[in-house]
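Undergrad: need coordinates for the below:
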Amino acid sequence: MDNTSIFDVKELRQELILINLNEIIEAIEARGYNATNQLVGFLLTGDEKYITSYNNARKKIQKYDRSEILMAIINAYLGR
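TA: From the prediction side, this is the model:
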């Protein structure tokens, strides 16, 4: 029997945000910065200078709205 698969675009986008966020964190830490401090600074101000350009981290974070990033982080924390 064929079963229909459900494809959730919101869930996929959230997963992509989290994958990119992990890559961004690695890039920040590789440059010797505290990733938590840098991400909080970016999320509060929107100033992309908090994110290193190393390994295209800044370009990766520019793909998403700050509210999308916060939603993905909170949903992951809550297990949703």
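
Undergrad: and the pLDDT for Thr4?
TA: On pLDDT, Thr4 comes in at 71.

Undergrad: shaky segments in the chain?
TA: For the chain, the stretches with pLDDT under 70 are 1, 5-7.

Undergrad: quickly note the distance from Gln62 to Gly41.
TA: Note on Gln62: its distance to Gly41, by C-beta to C-beta, to the nearest Å, is 15 Å. Any C-beta I mention is one placed from the backbone N, CA and C, and that applies to glycine too.

Undergrad: those two: who's more crowded?
TA: Ranked by neighbour count (other C-beta atoms under 10 Å), Gln62 and Gly41 place Gly41 first, with 15 against 11.

Undergrad: for the helix or strand harbouring Asn22, give me every contacting residue.
TA: Counting by DSSP states H and E, the element that carries Asn22 is helix 9-30. Here helix 9-30 makes contact (C-beta atoms under 8 Å, 6 or more residues apart in numbering) with 34-35, 38-39, 51-52, 54-57, 60-61, 63-64, 68-69, 71-73, 75-76.

Undergrad: mark which of those are buried, thanks.
TA: Buried members of the contacts of helix 9-30, counted by 16 or more other C-beta atoms under 10 Å: 35, 38-39, 51-52, 57, 60-61, 64, 69, 71-73.
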